[in-house]
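Enquirer: no sequence for this one, just the structure:
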């Protein structure tokens with residue numbers, strides 16, 4: 001049979017080779033264990049949010065690039081809207097769709113007739129709706145980020161609370177028992193420090209993920225703002241022009257009028273006014289009325305003989 005010293009040595013060697021985290025886990029109890037469980041839930045939520053938002057932003061960036069290329073290749077603003085194109089998960093398409101719906105409503109009157117142009121007030125209304133769509137898409141992309149902010153700021157404090165609580169219980173128990181040796185105090189302090197380690201393990205990855213997501217969300221918001229301004233400018237250039245007074249007539253009536261042949265007016269030549277002769281002076285009239293006696297014509301007819 002094995003003697004007692006050998007068993008004691010075997011037990012001590014087993015205790016020495018036991019992993020630290022297992023030893024600390026065995027020492028956890030009460031509030032420290034509850035805080036560890038809460039921090040594990042925080043970590044699970046934080047990693048889930050980071051993975052979901054990363055996939056969402058990647059898909060949105062990919063769809064935005066494809067949609068932007070297609071939008072710039074169109075000659076008219078409503079070309080894609082009239083083709084009933086759909087792109088779910090694309091923030092730029094959602095902004096474009098809201099703007100086209102507002103434009104289509106402003107182009108039609110109460111009777112359902114479609115006009116060619118819109119007023120300046122209607123254009124300002126459409127711009128406001130486009131800006132509202134950008135705000136909604138930004139809020140949708142930022143949903144869930146608050147969980148990461150809570151994990152970053154709250155996890156370390158929860159870990160610190162567990163540490164302070166555990167150390168307080170350890171010293172309180174040692175004071176009541178009157179035995180404050182290192183052997184009796186060290187296990188409790190180690191278990192108390194475990195909550196702080198757990199809080200930092202939750203907060204540090206969440207902080208990196210939060211900063212990365214905030215940067216990409218800011219870039220996506222700037223892209224939507226630029227697209228909204230470009231869309232508003234195209235709508236204003238295409239549907240707000242200097243037109244005649246009857247420009248608010250229905251589009252079908254305007255096309256019918258433009259198809260009718262236009263008759264050119266007959267140009268009547270202006271009457272020509274003959275110049276009036278210049279009135280003669282009194283001296284010229286007297287000379288013509290009183291010819292001189294010795295005046296003879298310079299030339300005579302060829303058959304006339306001159307008398308001697």
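Expert: Thanks, I have the structure now. Just so we're clear, the structure is a prediction, and the values are computed from it rather than from any experiment.

Enquirer: give me the below-cutoff pLDDT ranges for the stretch 51-200 of the chain.
Expert: The stretch 51-200 of the chain contains residues with pLDDT under 70 at 180.

Enquirer: cutoff 80 now
Expert: For the stretch 51-200 of the chain, the stretches with pLDDT under 80 are 110-112, 170-171, 173-191.

Enquirer: which parts of it are helices?
Expert: Using DSSP state H, counting those that start in this stretch, the helices of the stretch 51-200 of the chain run over residues 79-82, 91-107, 120-142, 145-177, 182-239.

Enquirer: ok, which of these comes nearest residue 66?
Expert: helix 91-107 (9.5 Å; C-beta to C-beta). All C-beta atoms are positioned from the backbone trio N, CA, C, and that covers glycine.

Enquirer: what helices and strands are in contact with that closest one?
Expert: Helices and strands touching helix 91-107, by 3 or more C-beta pairs under 8 Å, 6 or more residues apart in numbering; DSSP states H and E, are helix 31-72, helix 79-82, helix 120-142, helix 182-239.

Enquirer: cutoff 7 Å now
Expert: Packing partners of helix 91-107 (3 or more C-beta pairs under 7 Å, 6 or more residues apart in numbering; DSSP states H and E): helix 31-72, helix 120-142, helix 182-239.

Enquirer: mind putting those helices in JSON lines, mean neighbour count and distance to residue 79 included?
Expert: As requested, the helices and strands packed on helix 91-107 are arranged in JSON lines below (neighbours: other C-beta atoms under 10 Å; distance: least, C-beta to C-beta, whole Å):
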{"stretch": "helix 31-72", "mean neighbour count": "16", "distance to residue 79": "9"}
{"stretch": "helix 120-142", "mean neighbour count": "16", "distance to residue 79": "17"}
{"stretch": "helix 182-239", "mean neighbour count": "17", "distance to residue 79": "11"}
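
Enquirer: out of those helices, nearest to residue 86?
Expert: Across the helices and strands packed on helix 91-107, closest to residue 86 is helix 31-72 (C-beta to C-beta), at 11.0 Å.

Enquirer: and the angle for that closest one with helix 120-142?
Expert: 140 degrees (axes from the mean of the first three to the mean of the last three C-alpha atoms, to 10 degrees).

Enquirer: which outside residues touch stretch 186-204?
Expert: Applying C-beta atoms under 7 Å, 6 or more residues apart in numbering, the contact partners of stretch 186-204 are 24, 27-28, 32, 35-36, 39, 42-43, 46, 151-152, 155-156, 158-160, 162-163, 166-167, 169-170.

Enquirer: equivalent analysis for stretch 72-91, please.
Expert: By C-beta under 7 Å, 6+ apart, stretch 72-91 touches 59-60, 63-64, 67, 70-71, 93, 100, 103, 137, 141, 220, 224, 234-235, 238.
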